[in-house]
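Asks: dropping a prediction and its sequence here:
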Amino acid sequence: MFIGEYQHNLDAKGRIVIPGRFRDELHSTFILTRGLDGCLTIYSMEQWEKLFEEINKLPTTKKAARQYIRMLTSTATECSVDNQGRIQIPQFLSKPVNISKECVVIGANDHIEIWDKATWDSYYLEASESFEDVAENLSDLLDHE
């Protein structure tokens, strides 16, 4: 499980440190791809395979399903951590989500997200304001036995 928030800077070569706690769970290779809400997402190979199984259940006769599959898989790249705990973020991934210098790396349960700091700060502020309402509404979806 990935939890926590860490602030790191993207270096001039487009590399960012992945927190040590996260590296242990990712193992040697993992997938970096476009995420939702303006971030990048890292999946362990195990989680990527689970996600892929679910994606394969989407009806490709639906335009939205095809679009989601294409956006997720066409931007996916296999990564590994270098000796200094960094990964290379390709420019085709960093540019659309405005990742250029200051970043926030967060644990999001079964995956990791990398955010531009200003984008994260804005998202976090907005999400914090509605946190209790969202929790209340989502509790209806949980199976309480």
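Replies: Happy to help now that I have it. Residues are numbered from 1 along each chain as shown.
Asks: from R66, how far out is T60?
Replies: According to CB to CB, to the nearest Å, T60 and R66 sit 6 Å apart. Every residue, glycine included, has its C-beta placed from N, CA and C.
Asks: now the spatially most central residue of the chain, nearest residue through space, not along the chain?
Replies: The residue lying closest to the centre of the chain (CA atoms, centre = their mean) is T41, at 2.0 Å. Nearest non-adjacent residue to T41, counting by CB to CB, 6 or more residues apart in numbering: G35, 3.5 Å away.
Asks: show the contacting residues for that neighbour.
Replies: By CB atoms under 8 Å, 6 or more residues apart in numbering, the contact set of G35 is 41, 97, 113-114.
Asks: distance of it from I112?
Replies: The value you get for G35 to I112, if CB to CB is used, is 9 Å.
Asks: what's the answer for C103, then?
Replies: 12 Å.
Asks: between those two, who's got more neighbours?
Replies: Taking C103 and I112 together and counting by other CB atoms under 10 Å, I112 has the greater number of neighbours (27 against 23).
Asks: let me know the secondary structure of the nearest residue to the more buried one once chain neighbours are set aside.
Replies: Closest residue to I112 apart from its sequence neighbours, by CB to CB, 6+ apart: I42 at 4.0 Å. Under DSSP: H, G, I helix; E, B strand; the rest coil, I42 falls in the strand class.
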